[in-house]
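S.K.: Show me the folded form of this:
(2 chains)
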Amino acid sequence: MEFTEPAVLVLTSLADGPKHGYALAKDIEAFAGIKLGPGTLYGALSRLEDRGWIEALPAEDRRRPYQITSAGAEHLSAHLQTARHVAATGLRRLEPKVAT
Amino acid sequence: MSGSWPACLLIAYPPDWRDRYGDELETLVSDLREHGRSPVPMTFDLLRGAAAAWCRTRRGLLMSERSRQALTTVLWSWVAFAATAAWFGHDLGIYPTRSIARQIAATHQVVPDAYHVLIGVGVVGLAVTGIAAVPFALEAVRYARANGRKSVFAWMAVPLLTAGIWLGVVQFIGRTGSTAAMTGAVAWLLAGLAGIAWSTKAVVHIVRTCEFSTTTWRIGAAAATAVTAAMLVGTGATIVWGLAFRAGQGHSAGASGWLIVTAIMAVTTARAVLALLGARRPAPTPAPAPA
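M.R.: This is a model prediction of the structure:
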């Protein structure tokens, strides 16, 4: 599966511990400033669960928390490292233009 | 469903998807509404999510997850079966001794020729596995290139390197019949079994982590079915051969070896059959146990 932005946001949110749907939406809004809709959020959750990158925990009052798996953490780490490299390259190349 | 009207749109999702995530999504919609999220963008988002869920179902991704599990189970079962059958087939010509084997061949010609049946099973199984491996390998390469997953190439090299090293060293193992040469041969045989297991693990890792098209999954499913059918034939032939041999000889020489071999073949074949049947079930419901 190619990384889509919602999937990255969900994995990043789950990287510091299990969360259910609403907690995920609030956390993503807090750290990324993005209001994920419920359909988008659960679309990402279902794809990530199909791939074994997150797993469901027992439900608590109809709210089911999810946690990142070791495979999910590995894929997220690889993706973020690539993103960091791209960002660093882009910023370095923009430096002369921004400075002038 | 609750009174929250965007939640009514859950009806637009595929039934399998709704069974698995419907309650959770409905709760999330209610939570978001309670905390002031506007229902209009939520409505569009839910409709878009429903369309995406239908597309994914149509593309057969849910099917591919079941195929992925079935395929890896059949692969492990086939490898264990093949190793056992190869060992038994090798021993059949001298089973339980050369003289008795010749006697069986001469006096019990109706006894099924398990040796040649197992050879046929091996040829069919290896050919089918090799043919099915081609589209999987090509798509794994494409996936690895597209996603920058260099580790896939390393995993793909494992079976080739293992086979190359093992066959290369075999050329240098002494054939003098001395104790040292025999010990070395047995040790290298065991190393070969470990190499087969490691190579299978590598293939399973590729199948589990790469994306493949529906056509490739169908090829995999057809290959798994053919291999499982061959395993059924091989197991059946071994059972019939052993029973006929025992009835013809009237003694139990070598019975424990035959029983162990038959048990391993039967268990691995049953695992493969159950995996294929499981892949044909209507829909996966991976919900964990309730709190």
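
S.K.: So which residues on chain A come close to chain B?
M.R.: A:1-2, A:20-22, A:25, A:35, A:37-43, A:45-47, A:49-50, A:52, A:55-60, A:62-64, A:71, A:82 (C-beta under 8 Å from any C-beta of the partner chain). Just so you know, the C-beta spots here come from the backbone N, C-alpha and C atoms, and that holds for glycine as well.

S.K.: Filter the residues you listed down to the buried ones, ChimeraX style.
M.R.: Buried residues within these, by 16 or more other C-beta atoms under 10 Å in any protein chain shown, are selected in ChimeraX with:
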select /A:1,20,21,22,25,35,37,38,39,40,41,42,43,45,46,47,49,50,55,56,59,63,64
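
S.K.: just checking, which of the residues of chain A next to chain B belong to helices?
M.R.: Of the residues of chain A next to chain B, the ones assigned to helices by DSSP state H are A:21-22, A:25, A:38-43, A:45-47, A:49-50, A:71, A:82.

S.K.: Where do the helices of the stretch 51-200 of chain B begin and end?
M.R.: For the stretch 51-200 of chain B, helices defined by DSSP state H, counting those that start in this stretch occupy the ranges B:61-92, B:98-107, B:114-147, B:150-170, B:179-209.

S.K.: Return the distance of stretch B:117-125 from the chain's centre.
M.R.: On the basis of C-alpha atoms, centre = their mean, to the nearest Å, stretch B:117-125 sits 17 Å off its chain's mean C-alpha point.

S.K.: ok, and what's touching that stretch?
M.R.: Here stretch B:117-125 makes contact (C-beta atoms under 8 Å, 6 or more residues apart in numbering or on different chains) with B:78, B:82, B:85-86, B:88-89, B:92, B:226-227, B:230-231, B:233-234, B:237-238.

S.K.: Does the one helix or strand residue B:40 maps to pack against any helices or strands, and if so which?
M.R.: Using DSSP states H and E, residue B:40 falls within helix B:39-59. Here helix B:39-59 is seen to pack against helix A:38-50, helix B:15-34 when contacts are counted using 3 or more C-beta pairs under 8 Å, 6 or more residues apart in numbering or on different chains; DSSP states H and E.

S.K.: among those helices, which is nearest residue B:160?
M.R.: helix A:38-50 (30.2 Å; C-beta to C-beta).

S.K.: Give me the angle between that closest one and helix B:61-92.
M.R.: 0 degrees (axes from the mean of the first three to the mean of the last three C-alpha atoms, to 10 degrees).

S.K.: quick one: average confidence on helix A:38-50?
M.R.: What helix A:38-50 shows for mean pLDDT is 93.

S.K.: same question, stretch B:48-57
M.R.: 82.

S.K.: got the buried residues for it?
M.R.: B:49, B:50, B:52, B:53, B:56, B:57.

S.K.: And stretch B:183-194, by the same measure?
M.R.: Taking 16+ other C-beta under 10 Å as the criterion, stretch B:183-194 shows residue B:192 as buried.

S.K.: State the mean pLDDT of it.
M.R.: Stretch B:183-194 shows a mean pLDDT of 83.

S.K.: can you give me the offset of the host helix or strand of residue A:8 from its chain's centre?
M.R.: In this assignment (DSSP H and E), residue A:8 forms part of helix A:5-14. Computed by C-alpha atoms, centre = their mean, the chain-centroid distance of helix A:5-14 equals 1 Å.

S.K.: Out of the helices of the stretch 51-200 of chain B, which one sits most buried?
M.R.: Among the helices of the stretch 51-200 of chain B, judged by mean count of other C-beta atoms under 10 Å in any protein chain shown, the one packed with the most neighbours on average is helix B:61-92 (a mean of 21).

S.K.: Remind me what that one packs against, helices and strands.
M.R.: helix A:38-50, helix B:114-147, helix B:179-209, helix B:214-249, helix B:255-279.

S.K.: Of these, which is nearest residue B:45?
M.R.: Comparing the helices and strands packed on helix B:61-92 under C-beta to C-beta, the one sitting nearest is helix A:38-50, at 4.3 Å.

S.K.: helices and strands of chain A: which one bottoms out on pLDDT?
M.R.: helix A:70-99 (a mean of 89; mean pLDDT, DSSP states H and E).

S.K.: Output the contacting helices and strands for that helix.
M.R.: Using 3+ C-beta pairs under 8 Å, 6+ apart: helix A:70-99 touches helix A:5-14.

S.K.: interface residues of the stretch 101-250 of chain B facing chain A?
M.R.: B:146, B:147, B:148, B:208, B:209, B:211.

S.K.: What residue in chain B is the furthest from its centre?
M.R.: residue B:36 (49.6 Å; C-alpha atoms, centre = their mean).

S.K.: Next, it: secondary structure please.
M.R.: coil (DSSP: H, G, I helix; E, B strand; the rest coil).

S.K.: Need phi/psi at residue A:66.
M.R.: phi -120, psi 150 (degrees, to the nearest 10).

S.K.: Next one, pLDDT for the closest residue to it other than its chain neighbours please.
M.R.: Excluding the flanking residues, the one nearest residue A:66 by C-beta to C-beta, 6 or more residues apart in numbering or on different chains is residue A:54, at 4.8 Å. Note on residue A:54: pLDDT of 94.
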